[in-house]
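Undergrad: My questions concern the predicted model and sequence given below.
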Number of protein chains: 2
Amino acid sequence: MQDKHYDWKEKIRSNGGRLTTPRKIIFNILNSTPKHLSAEDVYFIIHKKNPKIGLPTVYRTLDTLFKIGYLNKFDFGDGHFRYELSDFQNKHQHHHHLICTKCGKIVDYTDFIEKETKLVNLTEKELSKKYNFRIDNHIFQFYGLCNKCKK
Amino acid sequence: MQDKHYDWKEKIRSNGGRLTTPRKIIFNILNSTPKHLSAEDVYFIIHKKNPKIGLPTVYRTLDTLFKIGYLNKFDFGDGHFRYELSDFQNKHQHHHHLICTKCGKIVDYTDFIEKETKLVNLTEKELSKKYNFRIDNHIFQFYGLCNKCKK
DNA sequence: CTAACTGCAAATTCTTTGCATTAGT
DNA sequence: ACTAATGCAAAGAATTTGCAGTTAG
């Protein structure tokens, strides 16, 4: 249980998918960084060693992983989506974000999650009842200015 | 105090801006709906009566209003930004969002805000101290499936 | 084998920019 | 009059699509 990723390959296959070289590489890239990578970030990394792999493949692979639930997809407002492996793989803790609206710096914080969790669960329960939604996920983001940009 | 919008015109002028026809129309469009409009939504509405006003003007006006703090800008993940007049104009209450990942339906909820507020304030305080940020704003969004899409 | 995936190029979509003209103040 | 803002057309940037060739199962 050290690594719950063991089954991503199985998940791909069981959906009729194939375990191709680009998919393996892209998964590994995501799995070896705590950062939120954009499609272009991934492409840049991959391109150094595998110049044959194209940007469309990166987009398609990220979408595939997103659809089977292995990726979180964020928009921090800088004009492109960013991805990270999902939290349920216990390698990464669930976290929220603190975003500098000037320089784009992003801080993942986990510090206050515990206090928040109880309330979040309660809120999810009440919301799902009142609005008849099945809630799968949430994004909490705080926006402001980082120490440098505050001047 | 019924309508705090009284001063938006003043705010525009005091920044060296001009009170043009497109700006007045666009402000009124935003002011007469509780919805989250995209630039194209605004353009579509405006275009029926004022076909001369172009999409770039809409984008520029939205950006202007955003910069002087009269607009909130959201990305719900459907590929374009959406805008609404800011909460501090007491016409709209501060609210969070519930988003259907299948059909894109968005529910604004204000119900649990009160309970959340205390925690949010506390979290903002602790985060701003720990990470030395000045926090101006936050976005909380829950994602899931609405009653129709749950099937 | 054969259907899914890739790689390339071209298309789409949303948003921004350059510039000559118009219109607030 | 002065200069910000507009309207048009065209450019940019991120992402998606079509399709012929490749490859995993």
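TA: Thanks, I have the structure now. Residues are numbered from 1 along each chain as shown, chains lettered A, B, ... in the order given.
Undergrad: Residue A:85 and residue A:71 touch, don't they?
TA: Yes - Residue A:85 sits in contact with residue A:71 when judged by Cβ atoms under 8 Å, with a separation of 6.3 Å. (C-beta placed from N, C-alpha, C; glycine too.)
Undergrad: Only the buried residues of the longest helix that chain A contains, if you could.
TA: Criterion DSSP state H: the longest helix present in chain A is helix A:113-131. Neighbour-count burial for helix A:113-131, counted by 16 or more other Cβ atoms under 10 Å in any protein chain shown, picks out A:116, A:120, A:123, A:124, A:127, A:128, A:131.
Undergrad: Now the two most distant members of these.
TA: A:116 and A:131 (20.6 Å; Cβ to Cβ).
Undergrad: does chain B sit close to the next helix-or-strand element following the longest helix of chain A?
TA: Of the helices and strands lying after helix A:113-131 in sequence (DSSP states H and E), the nearest is strand A:134-145. Yes - if you take Cβ under 8 Å from any Cβ of the partner chain as the test, strand A:134-145 does meet chain B, through A:134, A:135, A:136, A:137, A:138, A:139, A:140, A:141, A:142, A:143, A:144, A:145.
Undergrad: Please tell me which one of those counts the most neighbours.
TA: Among those, residue A:142 has the most neighbours (other Cβ atoms under 10 Å in any protein chain shown), with 23 neighbours.
Undergrad: residues contacting it?
TA: Each residue near residue A:142 by Cβ atoms under 8 Å, 6 or more residues apart in numbering or on different chains is listed here: A:96, A:97, A:98, A:99, B:123, B:124, B:127, B:133, B:135, B:137, B:138.
Undergrad: Report whether the strand or helix carrying residue A:22 contacts DNA strand D.
TA: Residue A:22 belongs to helix A:21-31 when assigned by DSSP H and E. Yes - against DNA strand D, helix A:21-31 shows contacts by Cβ under 7 Å from any atom of the strand at residue A:21.
Undergrad: Which strands and helices lie in contact with the next helix or strand along the chain from that helix?
TA: Note on helix A:21-31: by DSSP H and E, the next helix or strand toward the C-terminus is strand A:37-38. Contact partners of strand A:37-38 among helices and strands, from 3 or more Cβ pairs under 8 Å, 6 or more residues apart in numbering or on different chains; DSSP states H and E: strand A:81-85.
Undergrad: how does chain A divide into domains?
TA: A:1-92, A:94-151 (automatic domain parsing).
Undergrad: The first one: how far from the chain's middle?
TA: Here domain A:1-92 is found 9 Å from its chain centre; the criterion is Cα atoms, centre = their mean, to the nearest Å.
Undergrad: again, but for the last one
TA: On the basis of Cα atoms, centre = their mean, domain A:94-151 is displaced by 14 Å from the centre of the chain it belongs to.
Undergrad: Quick check: end-to-end length of that domain?
TA: Domain A:94-151 has an end-to-end distance of 31 Å (Cα to Cα, to the nearest Å).
Undergrad: Does that domain reach DNA strand D?
TA: No - judged by Cβ under 7 Å from any atom of the strand, domain A:94-151 stays clear of DNA strand D, getting no closer than 11.8 Å.
Undergrad: That domain and DNA strand C in contact?
TA: No - Domain A:94-151 is not in contact with DNA strand C by Cβ under 7 Å from any atom of the strand; minimum separation 13.6 Å.
Undergrad: now for the host helix or strand of residue A:48, which elements pack on it?
TA: If you go by DSSP H and E, residue A:48 is part of helix A:39-49. Contact here means 3+ Cβ pairs under 8 Å, 6+ apart; on that basis helix A:39-49 packs against helix A:21-31, helix A:55-67, strand A:81-85.
Undergrad: what does that helix rub up against?
TA: Under Cβ under 8 Å, 6+ apart, the answer for helix A:39-49 is A:22, A:25-26, A:29-30, A:35, A:37, A:53-55, A:58-59, A:62, A:80-83.
Undergrad: 7 Å instead, please
TA: With Cβ atoms under 7 Å, 6 or more residues apart in numbering or on different chains as the test, helix A:39-49 has contacts from A:25, A:26, A:29, A:53, A:55, A:58, A:59, A:62.
Undergrad: about what we covered before: pick the most deeply packed of the helices and strands packed on helix A:39-49.
TA: strand A:81-85 (a mean of 20; mean count of other Cβ atoms under 10 Å in any protein chain shown).
Undergrad: So in that sheet, which strands flank it, and in what orientation?
TA: Take DSSP bridges as the rule and strand A:81-85 pairs in its sheet with strand A:37-38 (antiparallel), strand A:71-75 (antiparallel).
Undergrad: Just confirm yes or no for that strand near DNA strand C.
TA: No - against DNA strand C, strand A:81-85 shows no contacts by Cβ under 7 Å from any atom of the strand, the least distance being 12.7 Å.
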